[in-house]
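Asks: Turn this into a model:
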Amino acid sequence: MSSYKPPTTDLTGWRLKVGEDSHGQQKWVYLRDEAQRKSWPQGNVEKYWLGLEMHTPELQKPKTPLDAARNGFEFYKELQSEDGHFSTEYGGPLFLIPGLVIAMSVCGQSFTAEQSTELKRYLLNKRRKEGGWGLHTAAPPTVYGTVMNYVALRILGMGPDEGPMTEIRALIHKMGGATTIPSWGKAWLSILGAYDWDGVGSVPPELWLLPDWVPFAPWRWWIHVRQVFTSLSFLYGIRFVGPFTPLVWSLRNRTNVNPIDVYSGHHPVLDIAHQFLAVYEKLPHIPLVSSILPLRQVANDRAYQLLSYEDENTGYQTIGPVTKAFNMVARYAREGADSEAFKAHLSRVDDFLWLSKEGLMMMGTNGSQLWDTAFIAQAAVETGLANEKGNEESVNGMLDWLDKAQMRENPKWYNEGYRHRTKGAWPFSTPEQNYTVSDCTAEGLKAVMALQELDYTSKPVNLERMRDAVDTLLSMQNPTGGFASYELQRGSKKLEWFNAAEVFGNIMIDYEYPECTTSALSALKYFSKLDPKYRASDIERTVSKAIEYIHDVQKPDGSWYGSWGICFTYATMFALESLSIAGETWANSEGVKLACDFLVKKQMADGGWGETYMSCVTGEYAQHEKSQVVQTAWAILALIYAQYPDKTVVDRATRLIMSRQKKDGRWEQEDTEGVFNKNCAIDYPAFKFIFCIWALGRADKYLKS
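Replies: Predicted coordinates:
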């Protein structure tokens, strides 16, 4: 593998600006002028994420788990932004940057010189030792990852034989060539002009003309797939292609997909549908027939209307980075570079970019602001750290941020955009992004209730606003008793027959998850203690059904499968929290006892736990070669929820976490913590602080009890 070292910018010139245009916004800017740098000096937030020296003090060596938790919180406070939230990277997927780079290119836009340098540096730093890129940073190379990132580097200015580019191109040929890329890659290459739309499986916008009662109508699909499909189908419908530049000509080379990329193969139903649609796609070009089939234009208009609703509902953030890039190209294609819509899209591109010590990445959303802040707020209260002198400013900052992050109304195009209610909800990232997420709403509510119970805090979130959050949560329970992510489950699992994204699994509907279900039921239960009369029977019924669901999805070995964190350790922590709320512990519940046995058997020789993302991929527990502090913290919390009687298990685990803590209170980043769609890992770097602090503080009480 080439020893090429990519150039870098002067990292001391970067600053993180928060809340400039919207609450919780994070935006990295580069200061070229030395006078500007002096007037706006770098803080510890920037220094930490850029890997620069922070000069944090050496803390007193902890004697107890609570001492270690206190040291951890003392360090983590250094990463709290001035608006009260904890700015954090949210990276890992490697198919996001190329989509944005292609989108900017075909729309005639460019990144700043510093952004381009750092984007290239990130991609080259994340290149695997095998020579290419995978779907995410923890995965081996695939055609999708390697081709898309090779194209991105070329657009960003790297020559065909510069550095490792010759090696990368040789690997692409060895893997079968760029034409074996999965469908989303084929679509992006077609938009760029390096591939032909005729080689892309049909993405008909006409589906949006189906009546809502049709079982496979797109409004029934999972929201991420639905929104990606809406803008992609519009671009497919108009056969949008960017300008044919010399670079595009140099890059030019249906169902041909390399097996190494395939996680979820095409169902025969989808293959049959593609054969039918291939015939349909020819009809508009047949004399006489095309004049009586104006459906495509009507469908294009309908898809464009819906993607416009998405833009306006989310302040042009859209639900995620793939939709962000597709929608931006669609607005450019229809309205041009001078349109207000396109300019609004451009103004939000930087919100998705995060600078780390390895370069500039595109995040999985515009951040994880709410998620991280809600958890550390609860951890601070439950461990008692929130009541310790010197922490008041940090705690008040969290509460102020959470207060302003709650969404007060439903989105502008609520019914027209097929959206679930947002009134009273909290988002995953920022209120401007404006999507209800069940567990984020629940954790946001729990955090606010916990913080407002402290003697010294103000009480900005009144009971009426909490009731709005409760109303939203109650509206999200499915008939099974489980909670999905963004909305109710709207369609049949048979819709997976139409999953055309070969690299992901279980993406066509919004499935129920033990993690989301636990968050929702715990929030409702805690709220009922605060306001026992409000919708009491509804809350009692919802909690009861949620507990039944948790029992129903427990696996024979005692574990639960996690879909958002890795994996069985993560979900088992949440599930045992659920059962503890129902009064079930190791002493009185066979299910809890079985779950504890599962966890204890997975404890490693050093006292920790370690699980890899392959657990999510295969559905079987995959042991990590090294214990991980985050998963060790999850296991500690799970066993405490269960009131597991053998305290030596927890004691050994706390010692492991304490042994990895640095003298200034920090923990170093270990392996990836999160996942989505079964096959794509994603990083939550804040978890090593949040859950280690939480677990150590609670373990201190548990071990002394």
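Asks: which residues in this structure form strands?
Replies: Counting by DSSP state E, the chain has these strands, from start to end: 14-18, 26-30, 353-356, 359-362, 609-611, 623-628, 674-676, 680-682.
Asks: quick check, distance from the fifth one to the centre of its chain.
Replies: Strand 609-611 has its C-alpha centroid displaced from the chain centroid by 21 Å (CA atoms, centre = their mean, to the nearest Å).
Asks: strands paired with it, and their directions?
Replies: strand 623-628 (antiparallel) (DSSP bridges).
Asks: The fourth one now?
Replies: According to DSSP bridges, strand 359-362 has the following sheet partners: strand 353-356 (antiparallel).
Asks: can you check the second one too?
Replies: Sheet pairing of strand 26-30 (DSSP bridges) gives strand 14-18 (antiparallel).
Asks: Please compute how far the strand it pairs with lies from its chain's middle.
Replies: The answer for strand 14-18 is 22 Å, by CA atoms, centre = their mean.
Asks: Now do the helices in the stretch 251-400 of the chain.
Replies: Applying DSSP state H, counting those that start in this stretch to the stretch 251-400 of the chain gives helices spanning 268-282, 295-313, 321-335, 340-346, 369-383, 392-405.
Asks: what about the fourth one, distance to the chain center?
Replies: Using CA atoms, centre = their mean, the mean C-alpha position of helix 340-346 is found 24 Å from that of the whole chain.
Asks: which of the residues in it are buried?
Replies: Buried residues in helix 340-346, counted by 16 or more other CB atoms under 10 Å: 341-342, 345-346. Every residue, glycine included, has its C-beta placed from N, CA and C.
Asks: Then the last one?
Replies: By neighbour count, and taking 16+ other CB under 10 Å as the criterion, the buried residues in helix 392-405 are 394-405.
Asks: To residue 111, which of the helices of the stretch 251-400 of the chain lies closest?
Replies: helix 340-346 (11.2 Å; CB to CB).
Asks: Does anything pack onto the closest one? Which helices or strands?
Replies: helix 295-313, helix 321-335 (3 or more CB pairs under 8 Å, 6 or more residues apart in numbering; DSSP states H and E).
Asks: Only the buried residues of the first one, if you could.
Replies: Spelled out, it's helix 295-313. So helix 295-313, judged by 16+ other CB under 10 Å, has buried residues 296, 299-300, 302-304, 306-313.
Asks: Could you export those as TSV, including pLDDT and distance to residue 452?
Replies: As requested, these are arranged in TSV below (pLDDT from 0 to 100; distance: CB to CB, whole Å):
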residue	pLDDT	distance to residue 452
296	83	55
299	90	50
300	93	50
302	96	45
303	96	44
304	98	44
306	97	39
307	97	39
308	98	39
309	97	35
310	97	34
311	97	35
312	97	33
313	96	30
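Asks: Nearest to residue 29, out of these: which one, please.
Replies: residue 311 (24.2 Å).
Asks: Contact partners for the closest residue in space to that closest one that isn't next to it in sequence?
Replies: With sequence-adjacent residues excluded and distances taken as CB to CB, 6 or more residues apart in numbering, residue 311 is closest to residue 327, at 5.9 Å. Neighbouring residues of residue 327 by CB atoms under 8 Å, 6 or more residues apart in numbering: 231, 307, 310-311, 316, 318, 345.
Asks: Recalculate using a threshold of 6 Å.
Replies: 231, 307, 311, 318 (CB atoms under 6 Å, 6 or more residues apart in numbering).
Asks: Could you do residue 234 as well?
Replies: Taking CB under 6 Å, 6+ apart, we find residue 234 in contact with 205, 300, 303-304, 330.
Asks: And the contacts of residue 327, which is closest to residue 55?
Replies: residue 318 (39.5 Å).
Asks: The nearest residue to that closest one once chain neighbours are set aside: neighbouring residues, count only.
Replies: Nearest residue to residue 318, sequence neighbours excluded (CB to CB, 6+ apart): residue 324, at 4.6 Å. When counting by other CB atoms under 10 Å, one arrives at 28 neighbours for residue 324.
Asks: Would you mind measuring from the closest residue to residue 675 other than its chain neighbours to residue 567?
Replies: Spatial nearest neighbour of residue 675, excluding adjacent residues (CB to CB, 6+ apart): residue 616 at 4.4 Å. As defined by CB to CB, to the nearest Å, residue 616 lies at a distance of 5 Å from residue 567.
Asks: measure residue 346 to residue 573 for me?
Replies: Distance from residue 346 to residue 573, by CB to CB: 41 Å.
Asks: and residue 320, what does it touch?
Replies: Neighbours of residue 320 in contact, by CB under 6 Å, 6+ apart: 224, 365.
Asks: where does it land on pLDDT?
Replies: At residue 320, the pLDDT value in this model is 93.
Asks: Check residue 245 too.
Replies: As predicted, residue 245 sits at a pLDDT of 88.
Asks: what's the burial count for it?
Replies: Residue 245: 14 neighbours (other CB under 10 Å).
Asks: who touches it in this structure?
Replies: Applying CB under 6 Å, 6+ apart, no residues contact residue 245.
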